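A.B. asks: what would the 3D arrangement of this be:
(chains A and B)
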2 protein chains.
Amino acid sequence: MAEQIHKKIKRFIEKNQLIEQGNELILGVSGGMDSMMLLHYFYTYKEVYQVSLKVAHIHHGIRESADLDAALVEETCRAYHIPFYRHNCNIKALAKQKKCSEEEIGREERYNFFISLLNPGAKIVTAHNMNDQAETMMMRFFRGTDIKGLGGILPKRGQIIRPLLDVTRKEIESYCKVHQVPFRHDETNFMPIYTRNKIRLECTPYIESAINPSFIKVLGEHSQLYREEEDFLEGYTKSLFELVASQQETAIVLDEKLLKSYHPYMQKRLFFMAIEKLTGSLKDFSSKHLESALALMEGQSGKEIHLPKQVTLRKIYDQLILTKEKLSSLSYAIPLSLGTQEIKEAGLVLSLKLVSKEAIHQKSENLYTKYIDYGRIKNGLQIRTRQPEDYISLGAGTKKLKKLFIDEKISKDVRDSLPLIADGDEIIWVIGSRLNTDYYVTQETTKVLEIQMMNER
Amino acid sequence: MAEQIHKKIKRFIEKNQLIEQGNELILGVSGGMDSMMLLHYFYTYKEVYQVSLKVAHIHHGIRESADLDAALVEETCRAYHIPFYRHNCNIKALAKQKKCSEEEIGREERYNFFISLLNPGAKIVTAHNMNDQAETMMMRFFRGTDIKGLGGILPKRGQIIRPLLDVTRKEIESYCKVHQVPFRHDETNFMPIYTRNKIRLECTPYIESAINPSFIKVLGEHSQLYREEEDFLEGYTKSLFELVASQQETAIVLDEKLLKSYHPYMQKRLFFMAIEKLTGSLKDFSSKHLESALALMEGQSGKEIHLPKQVTLRKIYDQLILTKEKLSSLSYAIPLSLGTQEIKEAGLVLSLKLVSKEAIHQKSENLYTKYIDYGRIKNGLQIRTRQPEDYISLGAGTKKLKKLFIDEKISKDVRDSLPLIADGDEIIWVIGSRLNTDYYVTQETTKVLEIQMMNER
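C.D. replies: Next comes the predicted model:
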C-alpha cells in the first residue's frame, strides 16, 4: 500500500518534472497529517530523489496548541537530522491590523517566510493533496471560473512544488497509519467557519453520498485534462497574437480584419491577451468589457470606448488601438544585503550570495543570473529605479543610462519601471539586460557575488 | 419585471436563432410551474414571434394527481384556443418491463410522442431553465466531464429548442405570480429520490448558503463560455483532422509525423475524432485508451493495439492506421406512410407529406428534402437497406445500384448501411444523395409527395 503511494508520487513528480537531483527542498510542515506525511515521505526517500531537506514551520499564534504543533515538528526534525526553521506571527492580530482575512494573512506570512529561506536552485514543497485540489476546483466552479481556473492548483508554480496532488487524503491517512507517522489534529479544520472547511466537512460528504462516491478522484484527474486544454489554448492564442497584434511604444495595435477572421472565442482571448500585456493583469476586466470591445469592431472609424485601468480602445480604419494612460510610475531605492530578499516594489525576488570563483563555471550565467566582483562595490548595493545621474560602463567607456535606453530603443514607459542594481550613481546591472563591464569577475577578483533574479517578472 | 423577463427571453431566442417566423411550436407542457409559464409566455407573445402553437402533454400514469395535471393543461389550452395532444403511458410499468429507470423511460416516451407530432419546419419547445442548466452542469462536473459536458443543456439540438435557459426558477415564479398563471405542484419534485431532485432540494440550497448565493446564475452564464470554447476547439480539431487524416474504405490513416508536431492535447482530440468517425461514437473509449494510442507512436513499426468496439490501431512506418472489424450490418425494410415517423434502425426521422405543386417553389429542395410524383409509386413506399436486385433510373436509363455505388466510390461499409427509399426493387432516393429521375415532378404530376429527413444522421 505505502509502496504503491510512493510509486504514484514518484510518477507524478517525474511526469511534472518537479524535482531535479541535487535540489534542496524546503518542506512546509504545520504538524497536521498531510504535512507530517510529506516530511516522513521525503525523509524516507531523499536518497531516491537525491535531495537535501529543510523544514519551515509557522507558529500561528492563534491557538494555544500551536506550541505543541511546533514542538512536534521540531522534535521530529531533530530525530531525522533535518534543519528546522520556525517563524512566529500572530495571524489574528495581523489580520485585524491589516484588515484582511486570516486566510490571506496566513498565506502571505507563509510565503514571505518560505522565500526568506530559499536559496537558488531550492524548491518550496507544500502538502496540497487531491482533496485540496477538488475543494479548490469546487469553490472556483461555484464562484464562476474559466477552464484555466478549473485546472485547479498547479503541480508547479515558480519554485513552489506540490508533489502530493495526486494522492487523496484517505491515502495519506493510511500511509500515516502504516508508518506510524505522528501528527496533530488542527481543531480549526473541524470548524465550518471558512468556506474551505465548509466544503470539506459538509459539502464533500454530501456529494459523495448523493452524486458520486469517488468524485474527489474524478475531479483530481480531470484537473489535468483542463490544464492540458488551457495549455494548448494559451499557446495557440499566443501564436495568433503574434500575427494579429503589434506592440508599439505605449499601445497595442490589433489588425481588425485579421481578428474578425478568427472564431469569436479566439477574438475574446486575443483581446484579453492584449489587455494583460498592456496592464499586467486581467483584474477588473469582465466579459461585459469584452462584449463592448467586440461591438466596437462593428462601429465607425474614430469611435472609442473606455475600459477599466485607464485603458482606451480606439478604432482607426482597420486598426484597433489599445492604449493605457501613463500612470505616474513608482520610484524606489532599496538597499540590498546577502541572502534572499523579496522586492515587492519591483515584483521580484533577488538572491545575493558569495560563491567561489570555481562555482561560476559549474553554473550557467544567463539573463537572470550574474556574477560580479564583490570587491569593486564602493557605496553599497541598491535595487532601484533610474535617477538622472545614472551611468554604466560598457567596455568602450562610460555611458549615461539615458543614452543607453535611447540607443537600445527601450520605450519611456519601460525606462521608468526597469529595476536596476546600482552602486551609487553607477549602474551595475540593468536586470534582464546589460551588465557593467567594470564589475566583471577577473583574475584579480577575490570575492565573487552571485546575483540571481528568482522569478519571472 | 415580467416585461424584463420577456426582453431577456427574446434576446436569448434571437442570439441563438431558436425561432423563425412561421414556425409551429410544439410546447411540452406537464402542468408544472415551468411549463405552464412557457405556455402562457408563448400564448401572450405568439404575434411577436409570428408562430403557431400546439401543446403536447404526457399522462404519466404514476400518480393519482396525473389526471388533474392533464385536466389543467387541457382546460388552459381550450381557453387559449391551442390544439392539445395527450399521450397516456404508464411509466412505472414500462420501466419495470424494459428494466430501465423511470427517468429514462419518461425521456424516451416524451421524445417519441413529440416526434409523432412534428411537422417539417416545426420546433419542439421544452421549459428547461437556468436552474436545470446549473443542476445538469453540477451533476456532470461531479461525475467527471470535459469542457463539452460543462456546456450543459444546449439552447438548440436538432428541432428541440429551450428558450427559457437564460431564466432562473425564481424569475419564472415571479412571472407566474404577476400573471396569475395557474400550475400544479408535482409532488415527486419534492422527494429527494432522484439524483436531480437531491441536487435541487439539498445541494443547491447548501451551496447558495455556504459558497455563493448566486451560483445558479454564475453557472448558467458560464455554460455559454464553455460552449463557445468547445465550439472553437471542435472546429479547430476538424481543420487539423483534414490535414492529418485520410479516410479510406474501412480505415482511417493518420500521418504520425504531422500528428506529433501538434500539442499533446490536440493529438488526443484528433485520436478521439478518428475513433468517432470510425465507430460513430466515443462510447467505451477512455483516456486510458488514448494513453496507449499515444504510446504506440513511440513504438516500432508493425506494432498494434486493440481498442474497444473491434477497433485496431496499427503503426506502419510513419502511419497510424485505425481499422474496425466489419460487423455484420443490420439490414431492415420498413413500410412508410404519410406523417412523421422515427426510423430507429436508420437513426433518422422522416416526414412524408402531400403538398401542392405550388408549395415546391416556395420551399427549397436540398440534400435532405425531396419532392416526387406520388402517382408513380407502384408497390408502396419502404425505407430499407440495399438488396441484390436494386436499380435506379438516372435519366440515361436504369442502372444497378451496385454499379452506382462503385461509380460514385462509396465504400463497402457505407453501402450496407445507407438508407434507401424504395418502391419494390426500384430505388427512389438514396437518402442524402441521388434521386430517381423517373419520379421527378412533371407537368403530368397530380399529387406531389414531400419526403424530408428531419435530423442529421
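
A.B. asks: spell out which parts of the stretch 51-200 of chain A neighbour chain B.
C.D. replies: Residues of the stretch 51-200 of chain A lying close to chain B by C-beta under 8 Å from any C-beta of the partner chain are A:138-139, A:141-147, A:150, A:192, A:195, A:198-199. Any C-beta I mention is one placed from the backbone N, CA and C, and that applies to glycine too.

A.B. asks: okay, those residues in TSV with secondary structure and pLDDT next?
C.D. replies: Below are those laid out as TSV (DSSP: H, G, I helix; E, B strand; the rest coil; pLDDT from 0 to 100):
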residue	secondary structure	pLDDT
A:M138	helix	94
A:M139	helix	93
A:F141	helix	95
A:F142	helix	94
A:R143	helix	92
A:G144	coil	91
A:T145	coil	92
A:D146	coil	91
A:I147	helix	92
A:L150	helix	95
A:P192	coil	65
A:T195	helix	78
A:K198	helix	84
A:I199	helix	85
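
A.B. asks: right, and the pair among these with maximum separation?
C.D. replies: Largest separation among these by C-beta to C-beta: A:I147 and A:P192, giving 29.6 Å.

A.B. asks: state the next helix or strand along the chain beyond whichever strand or helix holds A:K54.
C.D. replies: A:K54 belongs to strand A:52-59 when assigned by DSSP states H and E. Downstream of strand A:52-59, the next assigned helix or strand under DSSP H and E is helix A:66-80.

A.B. asks: can you name the next helix or strand after that next one?
C.D. replies: Next helix or strand after helix A:66-80 toward the C-terminus (DSSP H and E): strand A:84-88.

A.B. asks: hmm, back to that, now the residues of the stretch 51-200 of chain A next to chain B: which count as buried?
C.D. replies: The neighbour-count test (16 or more other C-beta atoms under 10 Å in any protein chain shown) marks A:M138, A:M139, A:F141, A:F142, A:G144, A:T145, A:D146, A:I147, A:L150, A:T195, A:K198, A:I199 as buried among those.

A.B. asks: please name the nearest non-neighbouring residue to the last one.
C.D. replies: Using C-beta to C-beta, 6 or more residues apart in numbering or on different chains and skipping residues adjacent in sequence, the residue nearest A:I199 is A:E135, 4.9 Å away.

A.B. asks: can you read off the backbone torsions of A:Q382?
C.D. replies: Dihedral pair for A:Q382: phi -140, psi 150, per degrees, to the nearest 10.

A.B. asks: hmm, I typed the wrong one, I wanted A:R162.
C.D. replies: According to degrees, to the nearest 10, A:R162 has phi -130, psi 80.

A.B. asks: around it, count how many other residues there are.
C.D. replies: 23 (other C-beta atoms under 10 Å in any protein chain shown).

A.B. asks: just checking, it touches A:I153?
C.D. replies: Yes - here A:R162 reaches A:I153: they are 6.2 Å apart, a contact under C-beta atoms under 8 Å.

A.B. asks: what's the overlap in contacts for those two?
C.D. replies: Common contacts of A:R162 and A:I153 (C-beta atoms under 8 Å, 6 or more residues apart in numbering or on different chains): A:H128.

A.B. asks: on that earlier part again, give the other helices and strands that the strand holding A:K54 contacts.
C.D. replies: Here strand A:52-59 touches strand A:24-28, helix A:33-49, helix A:66-80, strand A:84-88, helix A:102-117, going by 3 or more C-beta pairs under 8 Å, 6 or more residues apart in numbering or on different chains; DSSP states H and E.

A.B. asks: quick one, that strand and helix A:102-117 angle?
C.D. replies: 140 degrees (axes from the mean of the first three to the mean of the last three C-alpha atoms, to 10 degrees).

A.B. asks: just checking: what are the partner strands of strand A:52-59?
C.D. replies: Under the criterion DSSP bridges, strand A:52-59 sits next to strand A:24-28 (parallel), strand A:84-88 (parallel) in its sheet.

A.B. asks: domains in chain A, by residue range?
C.D. replies: A:2-226, A:249-324, A:333-453 (automatic domain parsing).

A.B. asks: so can I have TSV of the ones you listed showing distance to B:V311?
C.D. replies: Output for the domains of chain A, formatted as TSV (distance: least, C-beta to C-beta, whole Å):
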stretch	distance to B:V311
domain A:2-226	22
domain A:249-324	31
domain A:333-453	48
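
A.B. asks: picking up where we left off before, the residue nearest to A:I199 belongs to a strand?
C.D. replies: No - secondary structure assignment (DSSP: H, G, I helix; E, B strand; the rest coil) places A:E135 in helix, not in a strand.

A.B. asks: tell me how many other residues crowd it.
C.D. replies: Using other C-beta under 10 Å, A:E135 has 24 other residues around it.

A.B. asks: if I pick it, what's in contact with it?
C.D. replies: With contacts defined as C-beta under 8 Å, 6+ apart, the neighbours of A:E135 are A:R196, A:I199, A:R200, A:T204.

A.B. asks: give me the outermost residue of chain A relative to its centroid.
C.D. replies: Of all residues in chain A, A:Q300 has its C-alpha farthest from the mean position, at 41.9 Å, by C-alpha atoms, centre = their mean.

A.B. asks: what's the least confident stretch among the helices and strands packed on strand A:52-59?
C.D. replies: Note on these: helix A:102-117 shows the lowest mean pLDDT, a mean of 81.

A.B. asks: next, the buried residues of it.
C.D. replies: A:E102, A:I105, A:G106, A:E109, A:R110, A:F113, A:F114, A:I115, A:L117.

A.B. asks: what does stretch A:71-86 rub up against?
C.D. replies: Applying C-beta under 8 Å, 6+ apart, the contact partners of stretch A:71-86 are A:29-31, A:36, A:39, A:43, A:53-59, A:70, A:113, A:117, A:182-184.

A.B. asks: swap the cut-off to 10 Å and go again
C.D. replies: Contacts of stretch A:71-86 from elsewhere in the structure, counted by C-beta atoms under 10 Å, 6 or more residues apart in numbering or on different chains, are A:24-27, A:29-32, A:35-36, A:39-40, A:42-44, A:46, A:52-59, A:70, A:113-114, A:116-117, A:181-184.

A.B. asks: hmm, which of these are the buried ones?
C.D. replies: By 16+ other C-beta under 10 Å, the contacts of stretch A:71-86 give A:24-27, A:29-32, A:35-36, A:39-40, A:42-43, A:53-59, A:70, A:113-114, A:117, A:181, A:183-184 as buried.

A.B. asks: so which residue of the stretch 51-200 of chain A comes closest to chain B?
C.D. replies: Closest residue of the stretch 51-200 of chain A to chain B, C-beta to the nearest C-beta: A:G144 (3.9 Å).

A.B. asks: skipping adjacent residues, who's closest to that residue in space?
C.D. replies: In space, A:G144 is closest to B:V218, 3.9 Å off (C-beta to C-beta, 6+ apart).

A.B. asks: burial of that neighbour, as a residue count?
C.D. replies: That count, for B:V218 with other C-beta under 10 Å as the rule, works out to 17.

A.B. asks: kindly report the same for A:S214.
C.D. replies: Counted with other C-beta under 10 Å, the neighbours of A:S214 add up to 14.

A.B. asks: wouldn't it be in contact with A:T168 here?
C.D. replies: Yes - counting by C-beta atoms under 10 Å, A:S214 touches A:T168, with 9.4 Å between them.

A.B. asks: residues near the closest residue to A:Y49 other than its chain neighbours, how many?
C.D. replies: The shortest distance from A:Y49 to any non-neighbouring residue, by C-beta to C-beta, 6+ apart, is to A:I19 (5.4 Å). A:I19: 20 surrounding residues under other C-beta under 10 Å.

A.B. asks: roughly how far apart are A:I19 and A:V51?
C.D. replies: Separation of A:I19 from A:V51 (C-beta to C-beta, to the nearest Å): 6 Å.

A.B. asks: quick check: neighbours shared by the two?
C.D. replies: Residues touching both A:I19 and A:V51 by C-beta under 10 Å, 6+ apart: A:L25, A:F42, A:K123, A:V125.

A.B. asks: the third one: what's it in contact with?
C.D. replies: Under the criterion of C-beta under 10 Å, 6+ apart, the contact partners of A:K123 comprise A:18-20, A:23-27, A:51, A:156, A:158-161, A:163.

A.B. asks: good, we can wrap up now.
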